[in-house]
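S.K.: Give me the fold of what follows.
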Amino acid sequence: MAEQPGADEPLAVPAVVSVLSTILQRQAERNDAASDGRRAPSAFHGVRKPSISVRRYLERIFRYACCSPSCYVVAYIYLDRFAGSHPAVALDSFNVHRLLITSVLTAVKFMDDIYYNNAYYAKVGGLSLMEMNYLEVDFLFGIGFELNVTPVTFSYYCSVLQKELYTESLPPPAAASRSLCCLTEEEPSSCRQKQLAV
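M.R.: Residues are numbered from 1 along each chain as shown. Next up, the predicted model:
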């Protein structure tokens with residue numbers, strides 16, 4: 001089989017992925033420090049902290065899931081909705097990875113026409129299929145199946161992410177005139193080639 005051009009090239013990580021990982025890492029560290037080892041029981045709570053950082057984990061999701069950039073914004077909105085419905089379950093180092101893969105999975109199913117199945121996302125996230133399915137259902141009930149995101153809400157969260165980008169002095173998006181959450185961003189060609197429902 002002939003190798004596709006660019007298949008081994010690393011994909012440029014969009015600014016939305018970098019910013020979101022920074023926000024979630026900071027929130028998890030803040031809640032770790034405040035928890036004193038006490039955590040509310042949750043399906044998302046792990047026995048130990050994963051060895052992979054939030055940034056590397058989200059970059060892994062980006063590299064293999066090939067979902068649209070808007071999915072990361074919507075995943076952030078869903079995480080906020082989940083936190084609002086479950087104030088006792090603070091985002092920390094023991095649950096951030098599971099909440100992240102589940103919110104991205106939920107967002108991609110709602111936002112994108114073509115996406116990978118739960119078994120694929122389970123492998124990307126380092127979970128069993130049974131656990132991925134269970135977390136998805138728990139997450140959906142956790143946000144009350146409120147999946148629709150209005151343009152106003154989407155724009156608001158984009159502005160929050162944009163502000164964080166410039167506050168944290170992260171590398172700016174490739175084109176300064178383009179919005180961080182631009183819905184017309186081109187997918188990497190390697191994603192277009194391998195993106196199909198499995």
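
S.K.: Show me which residues of the longest helix belonging to the chain are buried.
M.R.: The helix that spans the most residues within the chain, counting by DSSP state H, is helix 15-35. When neighbours are counted by 16 or more other C-beta atoms under 10 Å, the buried residues of helix 15-35 are found to be 15-25, 27-28, 31-32. Heads up, the C-betas are built off the backbone N, CA and C, glycines and all.

S.K.: swap in stretch 42-51?
M.R.: Buried residues in stretch 42-51, defined by neighbour count with 16+ other C-beta under 10 Å: S42, A43, F44, P50.

S.K.: Kindly tell me how buried the closest residue in space to the first one that isn't next to it in sequence is, as a neighbour count.
M.R.: Once flanking residues are discounted, S42 sits nearest to V89: 4.6 Å by C-beta to C-beta, 6 or more residues apart in numbering. In terms of burial, V89 registers 20 neighbours under the definition other C-beta atoms under 10 Å.

S.K.: repeat for S53
M.R.: Applying other C-beta under 10 Å, we find 13 other residues in the vicinity of S53.

S.K.: for it, what are its contacts?
M.R.: S53 is in contact with S21, Q25, counting by C-beta atoms under 8 Å, 6 or more residues apart in numbering.

S.K.: helices and strands of the protein: which one bottoms out on pLDDT?
M.R.: Sorting the helices and strands of the chain by mean pLDDT, DSSP states H and E puts helix 189-194 at the bottom, at a mean of 44.

S.K.: Give me the lowest-pLDDT entry from the buried residues of stretch 42-51.
M.R.: The member of these with the lowest pLDDT is S42, at 73.

S.K.: tell me the secondary structure for it?
M.R.: Classification of S42 by DSSP: H, G, I helix; E, B strand; the rest coil places it in coil.

S.K.: Please consider this matter closed, and thank you.
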